[in-house]
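>>> dropping the sequence and predicted coords here.
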Amino acid sequence: MTPTLAPLSPETLERLRQISTPTLSTQLLKLGFRSRFLHGLVPLSPDARMAGEAVTVRFVPAREDLATLEALGDPAYPQRRAIEHIRPGQVLVMDCRRVVDAAAAGDILVARLQARGAAGLVADGGVRDFLSVKASGFPVYVAGPSAPAHVLRHLAVDVDVPIGCAEVLVMPGDVMVGDGEGAICVPRALAEAVSTAGLDQERLEAFLLEKVKAGAPLPGVYPPNAATLAEYEARRRPRG
């Protein structure tokens, strides 16, 4: 499945799981990456948090002699092969070409991903059995409900290749992070640095939010000036 890559530490993934997609977007912007958030995808389990390495599937437009219901019974069919071999903690990401009138998956395939220990599903297309998938609590990010089977519009042709999902380049092994606002793709080489800086930003912004809620004006607080940062650092230092 996924090409051999240097392993990501469990600590890195756990940090990313705690960081919001807005914070990750800001951290990536600081590094020059402007288009990593997957716009237009709905989180079906808004309270769930997702972080895992991407396993990618590429769909192309359907052709009637190839995109058939019978083809789905072939264990080598890329969509089914990806699901059946996904490893615990990985996220299945499917390039549906933003076609929303066919389902990339349904509740049976989502159940199999859960049984395999996958961390989530991301697709820029529809999902069938919408209410059942939503009730599963599994982290799923899709464009919305769509009852027709995917072979109506799609043919799966590749696994673990670079894909575009919601106009974002996703490389096999990149880290997909999701929360109640949506999903974002973190380039694998940046995952460690972004996880550390992002968690620092989350802690600082929690402090700033507390100050603003208490009545502090924005100037000097957001963004913080030297005095506010000094106050924050003093708050962080252990007392003893």
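In hand now; what should we look at? Residues are numbered from 1 along each chain as shown.
>>> pLDDT (mean, whole number) over stretch 83-95?
For stretch 83-95, mean pLDDT is 98.
>>> my error: substitute stretch 7-25 in the last question.
Here stretch 7-25 scores 96 as its mean pLDDT.
>>> contact partners of it?
36-37, 49-53, 89, 175, 177-179, 181-184, 186, 188, 191-192, 194-196, 198-199, 201-202, 205 (CB atoms under 8 Å, 6 or more residues apart in numbering). C-beta here means a position set from N, CA and C on the backbone, and glycine is covered the same way.
>>> redo that, cut-off 7 Å
Surrounding stretch 7-25, the residues in contact under the criterion CB atoms under 7 Å, 6 or more residues apart in numbering are 36-37, 49, 51-53, 175, 177, 179, 181-182, 184, 186, 191-192, 194-196, 198-199, 201-202.
>>> chain neighbours aside, what residue packs nearest to residue 203?
Leaving aside its chain neighbours, residue 203 sits nearest to residue 236 (7.8 Å; criterion: CB to CB, 6 or more residues apart in numbering).
>>> tell me the buried residues in stretch 79-97?
Buried residues in stretch 79-97, defined by neighbour count with 16 or more other CB atoms under 10 Å: 79-83, 86, 90-97.
>>> next: stretch 96-110.
By neighbour count with 16+ other CB under 10 Å, stretch 96-110 contains the buried residues 96, 97, 99, 100, 102, 103, 104, 105, 106, 107, 109, 110.
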